[in-house]
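[1] After the sequence you'll find the predicted model.
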Amino acid sequence: MVARIHITLKRGVLDPQGKAIQQGLADLGFEGVEDVRVGKYIELKIDGVSKDTAERRVRAMCEQLLANPVIEDFRFEIRNV
Amino acid sequence: MVARIHITLKRGVLDPQGKAIQQGLADLGFEGVEDVRVGKYIELKIDGVSKDTAERRVRAMCEQLLANPVIEDFRFEIRNV
Amino acid sequence: MKIAVVTFPGSNCDVDALHAVGTVLGADAIRVWHKETALPAGLDGVILPGGFAHGDYLRTGAIARFSPIMPAVERFAKGGGPVLGICNGFQILLEAGLLPGAMLRNRQLSFVCTDVYVRVERADTAWTRAARAGQVLRLPVKHGEGNYFADAALLERLEGEGQVVFRYVDERGRVTDEANPNGSIHNIAGVCNAGRNVVGLMPHPENACEALLGSEDGRFILESVASAEFGAARA
Amino acid sequence: MPDAPRPFPGDPPVTPELAAAGGITADEYERIVGRLGRTPTFTEIGLFQAMWSEHCSYKSSRVHLKAFPTSGPHVLQGPGENAGAVDVGGGLAAVFKIESHNHPSFIEPYQGAATGVGGIIRDVFTMGARPIALMNSLRFGPPDAPRMKHLIKGVVAGIGGYGNSFGCPTVGGEVGFEPCYAGNILVNAFCLGVAPADRLFRARAAGVGNPVIYVGSRTGRDGIHGATMASAAFEEGGESKRPTVQVGDPFAEKLLLEACLELMAGDAVVAIQDMGAAGLTSSSAEMAGRGGLGIEIDVDRVPRREAGMTPYEVMLSESQERMLLVARAGREAEVAAVFARWDLEAAVVGRVTDDGRLRVIAGGAVVADVPVAALTDEAPVYRRPAAEPPGREARLALDLDACPPPAPTAWGEALERLLTSPGLSSREWVYRQYDSVILTNTVVGPGSDAAVVRLKGTDRMLAMAVDGNGRYGGLDPRTGGALAVAEATRNVACSGARPLALTDCLNFGNPERPETMWQFQEAIAGMSEAAAALGTPVVSGNVSFYNETDGVGIDPTPIVAAVGVIEGGRLPVPQGFRRAGDAVVVLGATGDDLGGSEYLKVIHGVVAGRPPALDLAAEAALQRLLVAAAAEGLLASAHDCAEGGLLVALAEATFGNRGEPPVGAAVDLSALPLVGGRPVRPESRLVAETPSRVVASVPPDRVAQLEALAARHGVPVARVGEVGGDRLRVTGPGVDLDVAVAPLREAWRTAFARMMAAR
Ligand SMILES: Nc1ncnc2c1ncn2[C@@H]1O[C@H](COP(=O)(O)OP(=O)(O)O)[C@@H](O)[C@H]1O
Ligand SMILES: [Mg+2]
């Protein structure tokens, strides 16, 4: 199975990177772009367990390591490949 | 509309961050996790244009700025919200 | 000699380059703001300095390469003018396509500031004329993304055409993994373009031009263009 | 009496309970109501919560801090402004301060540490000074816990991440590990800047009608109540305090620096203050307070990042990289133009008034209107009860006979254990992550007693060091405080610099506990005595209370940074030996000071005993001697004896200097000068931590001169051996040590990295 995990900054947390990209896009002449937010995208393989177990594990990974609950939210999906 | 953009390292490009996460997960006792790859996830709002135009623009943004074609691939989707 | 140093927002080694080239080496060092669209006339060289242009957000150098000054830098380079990218400046040149390859995060994932030894692989570039091929220089590095990457085809071309200009080595000039501070492929610390006038490197020669600061080896690079003796050789 | 302000639509009514939730006690609430003659609005109670917090008001510490000596002929600015300043000659002022960011760093190590660095940098450039050097002092719990490793990595990466990107070198610091920091890590950040001595800016509002201008990043909901968080202890379930962590943007700070300094080169700025803890509230209230004037702010004009913020939120936000300034009337466009060039916003958000009130306007209505003095000068001042902690005598007791020293030939192994212990291993793993060379001023970077940066365009250099020892502080806070001052200044003097002044960060537990207040008073007393005796006034500082988790406080940890000057175009004295054939000399006398020593901790697992006694006259004499000897060019190297004593200092001296190879030495300690000539235990010669001692190397033909100079200063001196070879050999009573330097150095150099990699 493959887990696809998105980690994004919580609403309200400053995203200097997003700000810089937005400015960069504007400088390149891309008009009307707003609200650029940058997060992380993590893919990983997890095998030999049921989908349920995989779900539980990936959630635990996000909570313990992958995301920082103080400033980040996470969401994920698990697919068979 | 919202564009959701994924930027990932090309296969064949070493991903030290992915490796570190894999190690970190192993240290935490998460067994059987493999092939961890870390990419970027960018969300942005783009308004006042048709979906087609939005598609073209976002592709151009990725090609010109958001991804580096030497090491990265990108994919995106555009949603109405 | 007249050298321009481009200041991008977030550049922070621009003052160091100006100090080294101007105060220490006695060249006419001119600061050029990135929003300019033309370089001063009669330049002998252009330096894109180190730092964190645009905060290094997104990718190092990715946003800076679109600065208004960059077309002028590109014209200067295409005309054979010596252009040196130091650290972040190197990253900008890579992003701008003026140099081949790309930069990844250091393999240890952390910033590294330390003195390294680099071997001058080629003394026939605009920026290594004052050095000898095979010479080992001690220079500081300080970066989080200095892990130079080129795919197999490019690597073969770079090595074949002699475009690898600097390589991380140990004190005695041997290429070892321990001497490699960031995981760069083939221990590459710096490369040049096919015309050999555009050079990029991760170590900071501008921080190594005075014995007081621990090394003068950076002079072998900067004097190649900034001193009358070597710089004039171009003409 | 002006009309009472109206609550902002949607704001809750203020009750004593609501005030208490923000840290206002019942007594304090009554005072507020009495002072205003009415119930405060929600915005108003927010102002009081922030300004009367421990963090902003220093209410528990203020009376005690008065004990510090703060003046001197070279002091340009003592405590009370954003940073202190001393005249360093050559027309320049050194502007510096140290500050804690302990609580945020425990919650989010990377951002907590990063914004700590950002904050201290702003404190310095607010004064009109360009930051040229950073240092930091860190305390962690035992590093074997994975959570602690995570904190260490995050804090170090955050400090580097901010300073490196901003572009100011981190030239020094220190790291310590003790169990008492497991639930309360310490992150203290120091910044030093330089400015023309006659052009310091201050945060004193002036000129009724002058515009109040907001510059820098936009305001979001970040860190609302950071000031009150830093004023409360952590408790189980402290999660709820979490969303207050701010994210730093060093890129924005770099732009802000350049824009501010460009503007300050002219005369448009009347007063300026960074928005640190309690953001817009403290910057406006303090500027108005110092100027004896009022300020009116229309929060609708404050640039925002988020929609729907209430005046309470705007006034209390701790979004980073913002400044508030008072400009001369009519110069608004000039201010805006400078900031626009750096892609930054500048918004006129208010004006200076003559009524001494802080008035906040939102939606065209007054939502807060309080006397500035009520927020600042009249903030509560507590002389809290103090009492010596029970059981302290027991900790001071030490049975040395239960701690037999290693056999004479086993000292090599003991030395390696010491040098690879968390407390003494090389900090290279840490400072490799900091850019220590940017700005081309770093003559001596991390890895020496003191860091040294040159001042371009002058014949001067500045030396600086930061020190503290929590173990000493825990055992005896008075001595611990004095020792911190002595060590920081001694480190500076070792480089040949004349120590000029101090800044300090007082990290303590809960001030509502009498034991904490006793420790606090004792530490300040010790520091004050030492500062006075050594002629180094305290020009700035910071207090961090409530370093307590679940009722367990940290050991008192006063951290001291000292700054000194090297004049006359002289080079600094390095720490490591340089030339074979130089004589090895020990300055200062050794006593039986094993209490609280690293040796007892590492070799015997004992943390007990009385910390070393400090003879201030001897310390002062030693430091004067070091400066004089350096001026006469007598010293090839000098390294102070600190944790680990003479043996560790000797070993470190053989490890060389940046860019130089290590070089061995052979010494015999039989003739070591002893305190009062009293005999000592054999191991004391090696590992006692008697202060006021230095290991120096001296060209053989200058030894007599040094001895004469030492005699004139009344400092005992002994020639104990010679530099040379590739081994360290130490002989004398109870010791016969002979080790190869290179492998020992490698073990020491890499121990920290191994510790971090250990699973
Ligand atoms: N957190 C840190 N940041 C930068 N440098 C550090 C840090 N911790 C230690 N160092 C450097 O490592 C060296 C040794 O530190 P320390 O043992 O505390 O020195 P000392 O005993 O002389 O006070 C010093 O040069 C110091 O500047
Ligand atoms: Mg020391």
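    On my side now, so go ahead. Ligands and ions are numbered 1, 2, ... in the order given.

[2] can I assume C:Leu158 is in contact with C:Val165?
    No: counting by C-beta atoms under 8 Å, C:Leu158 does not reach C:Val165; the two are 9.7 Å apart. Glycine gets a C-beta too; all of them are placed from N, C-alpha and C.

[3] neighbour count winner among the two?
    With neighbours defined as other C-beta atoms under 10 Å in any protein chain shown, C:Leu158 and C:Val165 compare such that C:Val165 has more, 27 against 21.

[4] How about the contacts made by the more buried one?
    Listed by C-beta atoms under 8 Å, 6 or more residues apart in numbering or on different chains, the contact partners of C:Val165 are C:120-122, C:125, C:127-128, C:190-192, C:199, C:201.

[5] related to what we said a few turns ago, between C:Leu158 and C:Val165, which contacts overlap?
    Taking C-beta under 8 Å, 6+ apart as the contact rule, the neighbours common to C:Leu158 and C:Val165 are C:Val191.

[6] what residue ranges in chain D score low on pLDDT?
    Along chain D, the parts satisfying pLDDT under 70 run over D:1-2, D:225-244.

[7] if I look at the residue in chain C that ligand 2 sits nearest to, how far off is D:Glu99?
    Distances between chain C and ligand 2 by C-beta to the ion are smallest at C:Gly214, namely 20.3 Å. As for C:Gly214, its distance to D:Glu99 is 30 Å (criterion: C-beta to C-beta, to the nearest Å).

[8] likewise D:Leu418?
    D:Leu418 is 32 Å from D:Glu99, where distance means C-beta to C-beta.

[9] who's in contact with the residue lying closest to the residue of chain C closest to ligand 2 once chain neighbours are set aside?
    Among residues not flanking C:Gly214 along the chain, D:Gly659 sits closest, at 5.0 Å (C-beta to C-beta, 6 or more residues apart in numbering or on different chains). Contact analysis of D:Gly659 by C-beta under 8 Å, 6+ apart lists C:115, C:138, C:214-215.

[10] Of the residues you listed - the most surrounded one?
    Ranked by the number of neighbours (other C-beta under 10 Å), the contacts of D:Gly659 place C:Gly214 first, at 22 neighbours.

[11] Check whether it really touches C:Ala208, as I assumed.
    Yes: C:Gly214 lies in contact with C:Ala208 (C-beta under 8 Å); the separation is 7.1 Å.

[12] tell me, what's touching those two both at once?
    Counting by C-beta under 8 Å, 6+ apart, the common neighbours of C:Gly214 and C:Ala208 are C:Pro140.

[13] nearest residue to D:Asn441 other than its sequence neighbours?
    What sits nearest to D:Asn441 in space, not counting adjacent residues and going by C-beta to C-beta, 6+ apart, is D:Val453, at 4.2 Å.

[14] Quickly note the distance from the one you found to chain B.
    D:Val453 sits 33 Å away from chain B, taking C-beta to the nearest C-beta, to the nearest Å as the criterion.

[15] same check, this time on D:Ser697
    D:Ser697 is 43 Å from chain B, by C-beta to the nearest C-beta.

[16] Tell me if that residue really is in a strand.
    Yes: assigned with DSSP: H, G, I helix; E, B strand; the rest coil, D:Ser697 falls within a strand.

[17] quick one, what contacts it?
    By C-beta under 8 Å, 6+ apart, D:Ser697 lies in contact with D:577-579, D:582-585, D:635-638, D:653, D:665, D:723.

[18] Show the buried residues in these.
    D:577-578, D:582-585, D:635-638, D:653, D:665, D:723 (16 or more other C-beta atoms under 10 Å in any protein chain shown).

[19] picking up where we left off before, with the contacts of D:Gly659 in mind, which one is nearest to C:Leu39?
    C:Ser215 (29.8 Å; C-beta to C-beta).

[20] Report the secondary structure state of the residue nearest in space to the middle of chain D.
    The centre of chain D sits closest to D:Ile98, judged by C-alpha atoms, centre = their mean, with a distance of 3.6 Å. Secondary structure, three-state DSSP: D:Ile98 is strand.

[21] who's in contact with the nearest residue to it once chain neighbours are set aside?
    Leaving aside its chain neighbours, D:Ile98 sits nearest to D:Phe190 (4.1 Å; criterion: C-beta to C-beta, 6+ apart). D:Phe190 sits next to D:96-99, D:120, D:134-137, D:173, D:464, D:466, D:503, D:561 when contact means C-beta under 8 Å, 6+ apart.

[22] just how off-centre is the helix or strand where D:Phe190 lies within its chain?
    In the assignment (DSSP states H and E), D:Phe190 maps to strand D:186-196. Taking C-alpha atoms, centre = their mean, to the nearest Å, one finds strand D:186-196 lying 8 Å from the centre of the chain it belongs to.

[23] Each with direction, which strands does it pair with?
    According to DSSP bridges, strand D:186-196 forms sheet pairs with strand D:92-100 (antiparallel), strand D:130-140 (antiparallel).

[24] does that strand come close to ligand 1?
    No: judged by C-beta under 6 Å from any ligand atom, strand D:186-196 makes no contact with ligand 1; its nearest approach is 9.5 Å.

[25] List the buried residues for that strand?
    Residues of strand D:186-196 classed as buried: D:186-195 (neighbour count, 16+ other C-beta under 10 Å).

[26] Next: stretch D:668-688.
    Residues of stretch D:668-688 classed as buried: D:668-669, D:672-675, D:680-681, D:683-688 (neighbour count, 16+ other C-beta under 10 Å).

[27] what separates it from the chain centre, distance-wise?
    Between the centre of stretch D:668-688 and the centre of its chain there are 33 Å (C-alpha atoms, centre = their mean).

[28] And stretch D:750-759, by the same measure?
    So, by C-alpha atoms, centre = their mean, the centroid of stretch D:750-759 is 26 Å from its chain's centroid.

[29] Would you mind writing the CA trace of it as CSV?
    The C-alpha trace of stretch D:750-759 is given here as CSV (Å, rounded to 0.1, in the frame of the first residue of the first chain):
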residue,chain,number,x,y,z
THR,D,750,33.0,13.8,17.6
ALA,D,751,31.5,12.9,20.9
PHE,D,752,28.5,15.3,20.6
ALA,D,753,27.7,14.0,17.1
ARG,D,754,27.9,10.4,18.4
MET,D,755,25.6,11.3,21.3
MET,D,756,23.1,12.8,18.9
ALA,D,757,23.2,9.8,16.7
ALA,D,758,22.9,7.2,19.5
ARG,D,759,19.6,5.5,19.6
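
[30] touching chain B at all, it?
    Yes: Stretch D:750-759 lies within reach of chain B by C-beta under 8 Å from any C-beta of the partner chain, at D:Arg759.

[31] Tell me which stretches of the chain form helices.
    Defaulting to chain A. Counting by DSSP state H, the segments of chain A that form helices are A:16-27, A:51-61.

[32] let's do chain C instead
    C:14-18, C:70-78, C:88-95, C:152-161, C:219-226, C:228-231.

[33] Kindly reformat the ones you listed as a markdown table containing distance to D:Gly596.
    Listed next are the helices of chain C as a markdown table, based on distance: least, C-beta to C-beta, whole Å:
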| stretch | distance to D:Gly596 |
| --- | --- |
| helix C:14-18 | 43 |
| helix C:70-78 | 60 |
| helix C:88-95 | 46 |
| helix C:152-161 | 57 |
| helix C:219-226 | 49 |
| helix C:228-231 | 59 |
